[in-house]
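Asker: could you look at this predicted model? Sequence included:
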Amino acid sequence: MKFKLFLVALISLVVFTPVYASTVTLSGDVVVDRQFTVWINDTDANFLNAQLITGGSSANPDPDSAQTHFSTQLTPGHDYYLTVLGAATITNLAGFIGDFTLSGSGFKFANGTQYLLSNATDWTVRLEQFDFHNFGVIDELAYDGQGYGGKWNIDYPNIDNNAKWIWTNGGNDLYCQRFFTTKITATPEPISSALFLLGGAALVGLRKRRGVR
């Protein structure tokens, strides 16, 4: 009887204790017209602890020099926020386009998968400052390679053609900065650990029964 109670308690503990996958790599390819930095943060409340991943400039963009690739490691069990900070230091049309991947199932993007493109659905934008009261509206301008307003008619390598150029005010907000942010959520995997420990518990029970005989 005591063993049965112990087994029930063990099963309950295992089932409701989340186990996270090993370290996952976040990688991406980014183009921003005109300048940008990419950040990873552990909160959406402020930008104080944000860590810089990479940065660059897309002046006079071409398929080779304008596109920036990056990768960084994510620690299991922690939610993150990926931010692309774009600066529109130009006189005609600004935009951001990107393609992002997670290497394993330990995390998921805002769309519920391990693959994300720039769009108006899965990202938010803040105007000028990273502040809760400073959200703007994202406009989708054009698909990768489609061109818009006489610009961006390049099919960038490693960026899916379904990725969209996005910005605010139809790309006409110039001489400003925009914080494009999306959430990366840690996903526990309790089932595999439960099966493992339940197997161990069953083995213990079998040995106990044999001992009684």
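Answerer: Cool, the structure landed.
Asker: residue 92 and residue 42: what is the separation?
Answerer: For residue 92, the distance to residue 42 (CB to CB, to the nearest Å) stands at 37 Å. Where C-beta positions appear, they are placed from N, C-alpha and C, glycine not excepted.
Asker: what of residue 108?
Answerer: Residue 108 is 16 Å from residue 42, where distance means CB to CB.
Asker: how about residue 66, what does it touch?
Answerer: 31, 58, 60, 154, 156 (CB atoms under 8 Å, 6 or more residues apart in numbering).
Asker: are any of those residues buried, and if so which?
Answerer: Listed as buried from the contacts of residue 66 are 31, 58, 154, 156; burial here means 16 or more other CB atoms under 10 Å.
Asker: save these as a markdown table, and put in secondary structure, pLDDT and distance to residue 81 too.
Answerer: Formatted as a markdown table, these follow (DSSP: H, G, I helix; E, B strand; the rest coil; pLDDT from 0 to 100; distance: CB to CB, whole Å):
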| residue | secondary structure | pLDDT | distance to residue 81 |
| --- | --- | --- | --- |
| 31 | strand | 93 | 21 |
| 58 | coil | 71 | 23 |
| 154 | coil | 88 | 29 |
| 156 | coil | 90 | 24 |
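Asker: which element is the residue most central in space within the chain on?
Answerer: Geometric centre of the chain, nearest residue: residue 184, 4.0 Å, by CA atoms, centre = their mean. Assigning secondary structure by DSSP states H and E places residue 184 in strand 177-186.
Asker: with residue 142 instead?
Answerer: Following DSSP H and E, one finds residue 142 within strand 139-143.
Asker: each with direction, which strands does that strand pair with?
Answerer: Sheet pairing of strand 139-143 (DSSP bridges) gives strand 164-167 (antiparallel).
Asker: ok, residue 108 and residue 42, which is more surrounded?
Answerer: A count of neighbours by other CB atoms under 10 Å puts residue 108 above the other of residue 108 and residue 42, at 17 against 13.
Asker: quick check: bridge partners of that one?
Answerer: Judged by DSSP bridges, the bridge partners of residue 108 are residue 185.
Asker: contacts only, for it.
Answerer: Here residue 108 is in contact with 102, 114, 184-185, 187 (CB under 8 Å, 6+ apart).
Asker: buried subset of those as a ChimeraX selection?
Answerer: The ChimeraX command for the buried members of the contacts of residue 108 (criterion: 16+ other CB under 10 Å) is given here:
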select :102,114,184,187
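Asker: give the buried residues for stretch 42-61.
Answerer: Neighbour-count burial for stretch 42-61 flags 47, 50, 53, 55-58, 61 (criterion: 16+ other CB under 10 Å).
Asker: now flag whichever of those is closest to residue 126.
Answerer: Taking CB to CB as the measure, residue 126 lies nearest residue 47 of those, at 9.4 Å.
Asker: correct me, but the closest one touches residue 40?
Answerer: No - with contacts counted by CB atoms under 8 Å, residue 47 stays clear of residue 40, the gap being 11.2 Å.
Asker: give me the common contacts of those two.
Answerer: residue 83.
Asker: where do the strands of the protein begin and end?
Answerer: For the chain, the strands defined by DSSP state E cover 24-33, 35-41, 51-57, 68-74, 80-87, 95-102, 107-108, 115-117, 124-127, 139-143, 164-167, 177-186.
Asker: nearest to residue 149 among those would be which one?
Answerer: Taking the strands of the chain one by one with CB to CB, strand 139-143 is closest: 8.0 Å.
Asker: if anything else comes up later, I'll come back, but that's it for now.
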